[in-house]
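Asks: Pasting the sequence and the predicted model now:
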Amino acid sequence: MRLPSPVYVILDPEVSRGRALPSMLDSVLAGGARLIQLRDKHTPLAELYPLALRLSDRCRQAGALFIVNDRADLALAVGAGGLHVGQDDLPAAAARRILPAGMILGVSTHDPDQAYRALADGADYVAVGSIYPTGTKAGFQLVGPELVRALRPEIPVPLVGIGGITADNAAQVLEAGADAVAVISAVCGADDPEAATRRLMDRLALIADRPRPNPPPAR
Ligand code: TZP
Ligand code: MG
């Protein structure tokens, strides 16, 4: 699969400075991103469900891919386009078995073995991080763009860099071989999330279309 945009915006209410996620989603879509994730580690599902449903419907209208973090049940219940799991979540192979055909599965990884395992388990894209130091994820493992560069020839699905990525360093992550950068604070925490998204999109537009040294084989 091809990711629908090189900018992957993760909406997280802990970082959004009290601003409501539906209007933040509108800003992010206006800024050009077409790959969106809902990451909410705390809100009870009863409350999160209607919000996720609204975000999912809005993404579908806008032609954006909507991914739910952590919760396969929520992803399925709101008709999300995909699920993203980490190393402490439902194992990717188990998630793969319960997702309908065509639903996207993303997996967070922090070293080569985890990335190869994600691939074997059926990940449609592999996220790699933390690329740079981040204040958003406690206990992050710093891997640098080097891990993306090392994995690129080995992983025949899109790679997503995550962690501490801003408009100033995003290009390096794509140049290392990533297909997209995932950002939380650079957009969700920005004064102007639409402008922040557009800046990232503009920085990456040229590189994303350039043939890269080790493009993933089509699959
Ligand atoms: N996984 C690795 S780093 C990270 C996650 C979820 C946090 C990314 O947040 P930010 O604000 O873009 O650094
Ligand atoms: Mg998780």
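Replies: Received the coordinates, thanks. Numbering: from 1, shown residues only. Ligands and ions are numbered 1, 2, ... in the order given.

Asks: residue of the chain with the smallest distance to ligand 2?
Replies: Closest residue of the chain to ligand 2, C-beta to the ion: Gly86 (3.3 Å). The way it works is simple: take the backbone N, C-alpha and C, and place the C-beta from them, glycine included.

Asks: Number of residues surrounding that residue?
Replies: 17 (other C-beta atoms under 10 Å).

Asks: Spell out which residues of this protein are next to ligand 2.
Replies: 70, 86, 89 (C-beta under 5 Å from the ion).

Asks: and the gap between the first one and Arg203?
Replies: Pointing back at Asp70 there. To Arg203, Asp70 is 29 Å away according to C-beta to C-beta, to the nearest Å.

Asks: how long is stretch 101-114 from one end to the other?
Replies: 23 Å (C-alpha to C-alpha, to the nearest Å).

Asks: Tell me which residues are up against it.
Replies: 1, 65, 67, 75, 80-87, 92, 95-96, 99, 115, 117-118, 121-130, 141, 143, 147, 150-151, 154, 160, 162 (C-beta atoms under 8 Å, 6 or more residues apart in numbering).

Asks: now those: which count as buried?
Replies: Taking 16 or more other C-beta atoms under 10 Å as the criterion, what is buried in these is 65, 67, 75, 80-86, 92, 95-96, 99, 115, 117-118, 121, 123-130, 143, 147, 150-151, 160, 162.

Asks: Go back to the residues you listed and keep what's next to ligand 1.
Replies: 129-130, 162 (C-beta under 6 Å from any ligand atom).

Asks: need the residues of the protein near ligand 1, please.
Replies: 108, 129-130, 134, 136-137, 140, 162-165, 183-186.

Asks: so of the contacts of stretch 101-114, which ones are in helices?
Replies: 75, 92, 95-96, 115, 117-118, 147, 150-151 (DSSP state H).

Asks: Output those residues as TSV; include the columns pLDDT.
Replies: Shown next, in TSV, are those (pLDDT from 0 to 100):
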residue	pLDDT
Ala75	98
Ala92	98
Ala95	98
Arg96	98
Ala115	98
Arg117	98
Ala118	98
Leu147	98
Ala150	98
Leu151	98
